[in-house]
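Participant: pasting a predicted model and its sequence here:
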Amino acid sequence: MPAVHLEIDAGVAVLTLDDPERQNAWSSELEAMFYERLDAVDTDPAVRVVVMTGSGRMFCPGASSDRLAHIAELGLGYSDRIPFTKTLMFRKPLVAAINGGCAGIGFIQAMSATSGSCPRRQRSRRLSHVAACRRSMRSPGGYRG
């Protein structure tokens, strides 16, 4: 059963993706818990910064196989989901402590980190850097940034 653990100590909240059977793959259950915890720390005045990480040897390898099968069968519907861009709007500093494999939605969540604390100009530069990194993953020469 997936879980997102929340620990708060001295103004620092740590959100830990924890689904060892699926290596922290992004499932509907994990997604709901992640955003529920994120909302909780966003409104908690005692929390000054949030760190998100994964348990075990993976951060988040992307969508779970169940979610991918659902998408393959029915298509990708957003009407019943929280938009993953919600992380970009987080108002407190958000740090991604990437402790292993990170792809797909896991990569998107990690790249969304710190956007809540960045002024718009810095956020724009960071997102441009992310786009350049994405292009480099598809090109043989790689990113020369």
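Facilitator: In hand now; what should we look at?

Participant: which residues touch the residue nearest the centre of the chain?
Facilitator: When CA atoms, centre = their mean is applied to the chain, the residue found nearest the centroid is residue 109 (2.2 Å). Residue 109 makes contact with 34, 52, 60, 84, 87, 96 under the criterion CB atoms under 8 Å, 6 or more residues apart in numbering. Every residue, glycine included, has its C-beta placed from N, CA and C.

Participant: the fifth one and residue 57, how far apart?
Facilitator: In other words, residue 87. According to CB to CB, to the nearest Å, residue 87 stands 23 Å off from residue 57.

Participant: the residue nearest to the centre of the chain belongs to a strand, doesn't it?
Facilitator: No - under DSSP: H, G, I helix; E, B strand; the rest coil, residue 109 sits outside any strand and is assigned helix.

Participant: so what strands line up beside the helix or strand containing residue 51?
Facilitator: With elements taken from DSSP states H and E, the one containing residue 51 is strand 49-54. Strand 49-54 has its sheet partners listed here by DSSP bridges as strand 12-18 (parallel), strand 94-97 (parallel).

Participant: contacts for that strand?
Facilitator: Contacts made with strand 49-54 from outside it, assessed by CB under 8 Å, 6+ apart, are listed as 11-18, 24, 38, 41, 59-60, 90, 92-100, 106, 109-110, 113.

Participant: if we can go back for a sec, buried subset of the contacts of residue 109?
Facilitator: Buried residues within the contacts of residue 109, counting neighbours by 16 or more other CB atoms under 10 Å: 34, 52, 60, 84, 87, 96.

Participant: from the residues you listed, which is closest to residue 72?
Facilitator: Compare each of the buried ones among the contacts of residue 109 with residue 72 using CB to CB and the shortest gap goes to residue 84, at 18.9 Å.
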